[in-house]
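> next input, structure requested:
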Amino acid sequence: MAMTIDEQFMRIPEVTEATFEAEVLRSPLPVLVAFGASWSKACGILKSVLTEIVGDSEGKARVVRVNVDDNPDLGLWYGIESIPTLLWFIGGKVHARIVGTASKAAILAKLGTPPPSQ
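So this is what the prediction gives:
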């Protein structure tokens, strides 16, 4: 039986204020951080896109999620004013920001990553 989108999304590692530095800022790979909350419909819309990106980026980049309700200091530190917000970290620095929902192709284009060939 195939996993649901929610089950696939829950497999994306969740980082916290305690683990953010090690998991994101010190990562040898680029990291796409999805700031969101479980109650947000817009964040729910983005779940399927993020799970696709996870599958395509294995070994090239990481995708993690941050629950802003549980980690408010991270949201404040990175100026998260609306969710979902995606931040693209390379070498511990933010290189791109996407606020709101977006297609997989739009996200990859903003990150400077070409969509995979079909």
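
> what does the one helix or strand L87 maps to rub up against?
Using DSSP states H and E, L87 sits in strand 85-90. Strand 85-90 is contacted from outside by 24-25, 27, 30-36, 78, 94-100, 102, 107, 110-111, using Cβ atoms under 8 Å, 6 or more residues apart in numbering. Just so you know, the C-beta spots here come from the backbone N, C-alpha and C atoms, and that holds for glycine as well.

> of these, buried ones?
24, 27, 30-36, 78, 98, 102, 107, 111 (16 or more other Cβ atoms under 10 Å).

> for those, give me CSV that also has pLDDT.
Output for those, formatted as CSV (pLDDT from 0 to 100):
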residue, pLDDT
V24, 98
S27, 96
P30, 94
V31, 96
L32, 96
V33, 97
A34, 97
F35, 98
G36, 97
Y78, 97
I98, 96
A102, 93
I107, 92
L111, 83
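
> closest to G59 among the residues you listed?
Each of the buried ones among the contacts of strand 85-90 was checked against G59 using Cβ to Cβ; the closest is P30, at 11.6 Å.

> so which residues of the protein form strands?
With DSSP state E applied, the chain shows strands at 31-36, 62-67, 85-90, 93-99, listed in chain order.

> now for those strands, which one comes closest to A2?
Evaluated over those, closeness to A2 peaks at strand 62-67, with 19.7 Å, by Cβ to Cβ.
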